[in-house]
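Peer 1: For reference, the sequence and a predicted model appear below.
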Amino acid sequence: MTRGAPAYLRNCWYMAGWSTELCEALLRRRILGEPILLFRTTDGVPAALTDRCPHRFAPLSAGTREGDLVRCPYHGLAFDAAGQCVHNPFSTTLPKGATVRHWTIHERDGIAWIWMGDADKADPALIPDFSTLFRDGADPVRGLMPMRAPYEFATDNLMDLSHIEFVHRGSFAGAGVIFAGEHEVRREGDRLHSNWWMPNVPAPGHTYGIYERGLPTDHWLDMRWDAPASMLLEIGATPAGQPRENGVIIHQAHIITPETAETAHYFWASTRSTGVASEQGDTMLYAMMTQAFEQEDKPIIEAAYANLDGCAFWDAKPAFLGIDAGGTRARRLIEELIGREARAA
Amino acid sequence: MTRGAPAYLRNCWYMAGWSTELCEALLRRRILGEPILLFRTTDGVPAALTDRCPHRFAPLSAGTREGDLVRCPYHGLAFDAAGQCVHNPFSTTLPKGATVRHWTIHERDGIAWIWMGDADKADPALIPDFSTLFRDGADPVRGLMPMRAPYEFATDNLMDLSHIEFVHRGSFAGAGVIFAGEHEVRREGDRLHSNWWMPNVPAPGHTYGIYERGLPTDHWLDMRWDAPASMLLEIGATPAGQPRENGVIIHQAHIITPETAETAHYFWASTRSTGVASEQGDTMLYAMMTQAFEQEDKPIIEAAYANLDGCAFWDAKPAFLGIDAGGTRARRLIEELIGREARAA
Amino acid sequence: MTRGAPAYLRNCWYMAGWSTELCEALLRRRILGEPILLFRTTDGVPAALTDRCPHRFAPLSAGTREGDLVRCPYHGLAFDAAGQCVHNPFSTTLPKGATVRHWTIHERDGIAWIWMGDADKADPALIPDFSTLFRDGADPVRGLMPMRAPYEFATDNLMDLSHIEFVHRGSFAGAGVIFAGEHEVRREGDRLHSNWWMPNVPAPGHTYGIYERGLPTDHWLDMRWDAPASMLLEIGATPAGQPRENGVIIHQAHIITPETAETAHYFWASTRSTGVASEQGDTMLYAMMTQAFEQEDKPIIEAAYANLDGCAFWDAKPAFLGIDAGGTRARRLIEELIGREARAA
């Protein structure tokens, strides 16, 4: 009944950060237990290196930029953006083996994705599409929330939105709107969908300022999941009976990256505009999301994980409810993918 | 020389709390390593459940009371006071296996006792008698002190009151009164007595306001121990040569419950009145106990335990003094009882 | 790739403290993982005992001095400076086995050295000579810095002074003076020397107030190492071409004692005067050393060690630079000495 060593899916794109986070400054972020140094070269190319000098192990992120070189703060070895040592201040010869691991980064949709597996398998086509976040030319509202729980616990939370009725009473929850819904979980290749459909319910919060409060609407919550934990949520509503394309739709990204076996980076974003632009709607949205994620989701996810007292998830024999199908299938699919990866190796 | 897994006596009453602590509110307390939810139903019946929802492990203590039901804060499963799931907001069928462990609670003498072993062996007749705490109809002075040491370290401290002369110089200690005493440790079934008898010594502190200071008295300190660590101390004095029943007597409860292998709940109480009522005596008593337990006992017990640096008690080969007989026999008797329990199972 | 149990060199003098730290008061200091009680008898003799009462394990350092006895704060056993229990307040007989381990202390050059191995091998002749610290009759500037890294990480730092150019930009570093130097590492019995020689460089900081700024000088930095981590640094400069004995010389002690496997006590000192006395020089020296050790060395050493994430030093396969010869040979020599000690046992 104890946690084993974490088995991560390696050949997979993980979100390393928002593109806006990578700049001249040296950013240290732990990903899958590895300390990673993130920065951007003067040409604008994102770079990721293991944040540990191979000489005496100082964090390079505490060093200095010299053009596109990073100089170690301890004895001054300088590394280029590929991780090669290119200057040793105390010798004209470069030390053997003085390289730091370079990690492939690919940017798409304002997100810097990092490949934590075999470099030759890093195919940008595998990056899930989040272009909708920028669909109207406006930047989404964005955040990063540290979480003291393994990343799968956030997936469980997101793939089962029934928690909205209890956890989000103070923010998202309508009056029992989820209870009125139908829930479907569907697999499509290695992608999962966990969708709610709530016909003929009062206009949900994200439409305020556009629809009259109380207007009967058809409301949907469609969650798309890609391994390991990259989720896109479509929140939509139309006047009851109208086609979806006429509706008020916002998109949220929920992308979770393991920091360590027990902690995670929870990146979130939401489109600002809602078909019809509305400052009132945007402001409400931002306040709602901050409250919902930081004050409502985070405490309960962390408390639930801590309450396992170190017992592994399946060893704790969780009782199964129908609403768990999404999270459970995501956990099982990751296990399947890790198994597939092990067999291929 | 390392600590093994803690072996607790299971078929045994542990103090879960003062009866006054169990009410409408949901109280979480860790006992023998288990998170326990304590509350009282609308009929006044005490209830104890494992404080972990069987679905996704949220602490139920963070949830809400609905009549006698406790609703999980995460996805809304509701449990009755017996730990049965009786409502699933997302389905008309109840999830299989969705029960939380129910623990037997029995109240006596203002104390809620919890049975941490086989439910069918939970015999209230085994609860040690602390009725004397309420003997004059007055509530005792009560407290709960968290302790960063295994519970046996508090037992050692209490079964060997010689420490009073050194640890309690600022509070209880008379002028070397313990040195003048005779000490006897006696076993009676599975109960131990560790008693001091100090004839013809100046009136001790608890008699101030009743006896003249300096009056020659016969003074006794009788400690009664029941497994695992439920102790009753009788502190008495009579004018020298008079029978005990004429004396000024107070009773103290010292009841220690393991929180984890390394920490404990130290519950204490003392009768307020002293035969002849005395506000002066009560006030002094309260101040003395607070100082004695929190400022004097707790720091030295915690420092001594920490100073073992993880070495098990017996592995550290403690030097034996005659005054240790009480604590040593209590440790050995618990080992005997745990062995007896293991053989019976 | 995990740390094993620490293997310490035992038959070896470790610095326990500055002589001025040992006095009437009871000082607790953890050395090689052991809690040690340090004090000085009324005759001025230094004493070191294991800081744990053999009865119930209370730290004796929390007790009281009674002449040359130390009385336990818990039950009052009293111990002499040799660790023998000489008084039991509750009996006329002394408890069997109630002794605490006594450790040999020898004072020399204002330093209290402790022998952590076989008492009969404790030969004061093996103590490295630091008499130069007091050479002009003036006390050196002294300090003690706690360090969250194993002691060898401080040795690495000191035996390779090239870090001055990067870590000490804000304090010691001249304008690339180290780059101009020649570096030599030399073994002499079980002693190592790691020496820099920088001919014809501008007068270094420690000469300010004596030499004109910019004066061409020959400058040297000679580090002497004795196991386990007792280092003496000679910082010298002469007007270029003049013999060393005419120069401005200061001496620094850098003596590191393991506190635990992961932490160390870093004792440092520097001579105050510089051949020609100079208040200006002394003040600058003190400010420089405090800044250099606490604000510059300590953070980078601690960050580098933490960045190993529990991986053992050699398992992390450090890249080797020529400048590492000193630290590397010190690590290897300690391993050799530990091996020699094991074979002798």
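Peer 2: Yep, that arrived.

Peer 1: And the biggest helix by length in chain A, what does it pack against?
Peer 2: Ranked by residue count under DSSP state H, the longest helix found in chain A is helix A:325-344. If you count contacts as 3 or more CB pairs under 8 Å, 6 or more residues apart in numbering or on different chains; DSSP states H and E, helix A:325-344 packs onto helix A:151-159, strand A:182-188, strand A:191-202, strand A:216-226. For every residue, glycine as well, the C-beta is placed using N, CA and C.

Peer 1: hmm, try it at 7 Å
Peer 2: Other helices and strands packing on helix A:325-344, by 3 or more CB pairs under 7 Å, 6 or more residues apart in numbering or on different chains; DSSP states H and E, are helix A:151-159, strand A:182-188, strand A:191-202.

Peer 1: quick one, which of the ones you listed is packed in tightest?
Peer 2: Neighbour counts (mean count of other CB atoms under 10 Å in any protein chain shown) averaged over each of those peak at helix A:151-159, with a mean of 24.

Peer 1: got the angle between that one and helix A:325-344?
Peer 2: Per axes from the mean of the first three to the mean of the last three CA atoms, to 10 degrees, the angle that helix A:151-159 makes with helix A:325-344 is 140 degrees.

Peer 1: So what touches helix A:151-159?
Peer 2: Residues outside helix A:151-159 that contact it (CB atoms under 7 Å, 6 or more residues apart in numbering or on different chains) are A:147, A:163, A:194, A:223, A:225, A:228-229, A:231, A:254, A:256-258, A:264, A:266, A:297, A:301, A:304-305, A:326-327, A:330-331, B:56.

Peer 1: give me the low-pLDDT residue ranges for chain A?
Peer 2: A:1-6, A:171-177, A:273-282, A:284-285 (pLDDT under 70).

Peer 1: Domain ranges for it, per the record?
Peer 2: Listed domain ranges for chain A are A:13-126, A:131-344 (source: automatic domain parsing).

Peer 1: Reformat the ones you listed as TSV; add distance to B:Ser91.
Peer 2: TSV is the format used below for these (distance: least, CB to CB, whole Å):
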stretch	distance to B:Ser91
domain A:13-126	34
domain A:131-344	6
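
Peer 1: Tell me which of those domains lies nearest to C:Phe134.
Peer 2: Across these, C:Phe134 has its closest neighbour in domain A:13-126 (33.2 Å, CB to CB).

Peer 1: Cross-check the contact I'm expecting between A:Ile164 and A:Ile178.
Peer 2: Yes: contact criterion CB atoms under 7 Å: A:Ile164 and A:Ile178 qualify, at 5.6 Å.

Peer 1: Look at the two and report which has more neighbours.
Peer 2: A:Ile178 (24 against 21; other CB atoms under 10 Å in any protein chain shown).

Peer 1: OK, contacts around the more buried one?
Peer 2: A:Ile178 neighbours (CB under 7 Å, 6+ apart): A:Leu161, A:Ser162, A:Ile164, A:Glu165, A:Trp196.

Peer 1: and if we set it to 6 Å?
Peer 2: Contacts here follow CB atoms under 6 Å, 6 or more residues apart in numbering or on different chains; on that basis A:Ile178 touches A:Ser162, A:Ile164, A:Glu165.

Peer 1: Filter those residues down to just the ones in strands.
Peer 2: Residues of those located in strands (DSSP state E): none.

Peer 1: nearest to A:Met288, of those?
Peer 2: A:Ile164 (11.6 Å).

Peer 1: Just give me the neighbour total for the closest residue to chain B within the stretch 101-250 of chain A.
Peer 2: Residue nearest to chain B within the stretch 101-250 of chain A (CB to the nearest CB): A:Phe166, separated by 4.7 Å. Counted by other CB under 10 Å, the residues lying close to A:Phe166 total 22.

Peer 1: Surely it is in contact with B:Gly76?
Peer 2: Yes: judged on CB atoms under 6 Å, A:Phe166 makes contact with B:Gly76 at a distance of 4.7 Å.

Peer 1: Over to A:Asp315. Which of the three states is it?
Peer 2: helix (DSSP: H, G, I helix; E, B strand; the rest coil).

Peer 1: and it, how far is that from A:Asp309?
Peer 2: 11 Å (CB to CB, to the nearest Å).

Peer 1: These two: who's more crowded?
Peer 2: A:Asp309 (15 against 11).

Peer 1: and the residue nearest to the spatial centre of chain A, what are its bridge partners?
Peer 2: Ranked by distance to the mean C-alpha position of chain A (CA atoms, centre = their mean), the top residue is A:Ile255 at 1.4 Å. Beta bridges link A:Ile255 to A:Ser230, A:Phe267 when assigned by DSSP bridges.

Peer 1: how about it, what does it touch?
Peer 2: Taking CB under 6 Å, 6+ apart, one finds A:Met15, A:Ser230, A:Phe267 in contact with A:Ile255.

Peer 1: Out of the residues you listed, who's the most crowded?
Peer 2: Comparing these by number of neighbours (other CB under 10 Å), A:Ser230 comes first, having 26 neighbours.

Peer 1: isn't that residue right up against A:Leu126?
Peer 2: No: using CB under 6 Å, A:Ser230 is not in contact with A:Leu126, being 10.6 Å away.
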